[in-house]
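# Take this sequence and fold it.
(one chain, ligands or ions: 1)
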Amino acid sequence: MLSVENKYDVDQKVFVISHRKVHKDTTKTCDVCLGEGNIKYRGYTMPCPKCCGKGRVVLEKKDIKIYSVDENPHTITSVRFSVSRQGQVLRYRIDGNKFDNKNVEEERLFSTYDEALKKCDKLNNIDVNQKTDYIWHDYYCIPITGENIIVKDVFGKEWDNHRWNGSCYYEYCETFGKPSRVDIVSWRYAEEGK
Ligand SMILES: [Zn+2]
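The predicted model follows:
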């Protein structure tokens, strides 16, 4: 006799974790122009032939996953359990199959937003014990959700009042937050008590 232990039931509100792939280039300073982008040759200044004037060369290209949680709860519309030679599968339909347009595994569902956020932080490899000021992290390294951070744009300008809200970088302005307009290349945690 099979007994199915489903954690969630039909009509229950849940918070769902999703991930998206982002492209990440690991670069290093060009060893011909030493990051200048230009070289001098017989008294002439010309664009560096190795990095084409960019100052940096790409070492590795890869796709990484960023996990996030939708802050709006979703409703379970059906629970499906199936048994095959490959094993047992428990899947949930959410919002009448509108969510992601497919059945969702139990591991992606949470009864509270906070639980879902904590799981995302973990999946995004955030080490909560390594929250150190003054260390700059690159864009793809996700900060602890809700912590104050300072971001740096492509021109090296710093912007404070930023946070990661669980799905995107946003700018906090007094009473509301909105997605950041800054073209963020790196960030660091703000000092404690600031
Ligand atoms: Zn170069």
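# Nearest residue to the middle of the protein?
Centroid-nearest residue in the chain, with C-alpha atoms, centre = their mean: Ile66, separated by 3.6 Å.
# any idea how far that one is from His23?
Separation of Ile66 from His23 (C-beta to C-beta, to the nearest Å): 11 Å. Any C-beta I mention is one placed from the backbone N, CA and C, and that applies to glycine too.
# try Asn72
28 Å.
# Helix or strand next in line after the longest strand that the chain contains, which one?
Looking across the chain with DSSP state E, the single longest strand is strand 13-29. Note on strand 13-29: by DSSP states H and E, the next helix or strand toward the C-terminus is strand 38-41.
# next helix or strand past that following strand?
strand 44-47.
# so what strands line up beside that following strand?
Partners of strand 44-47 in the sheet, by DSSP bridges, are strand 38-41 (antiparallel).
# Next, the buried residues of the strand it pairs with.
The neighbour-count check on strand 38-41 (16 or more other C-beta atoms under 10 Å) flags Ile39 as buried.
# what sits up against it?
By C-beta atoms under 8 Å, 6 or more residues apart in numbering, the surrounding residues in contact with strand 38-41 are 32-33, 45-49, 53.
# The residue of the chain most remote from its centre and the ion: what is the separation?
Relative to the centre of the chain, and counting by C-alpha atoms, centre = their mean, the farthest-placed residue is Arg42 at 47.3 Å. Arg42 sits 18 Å away from the ion, going by C-beta to the ion, to the nearest Å.
# which of the contacts of strand 38-41 sit farthest apart?
Distance extremes for the contacts of strand 38-41: the farthest pair is Val32 and Thr45 at 13.8 Å, using C-beta to C-beta.
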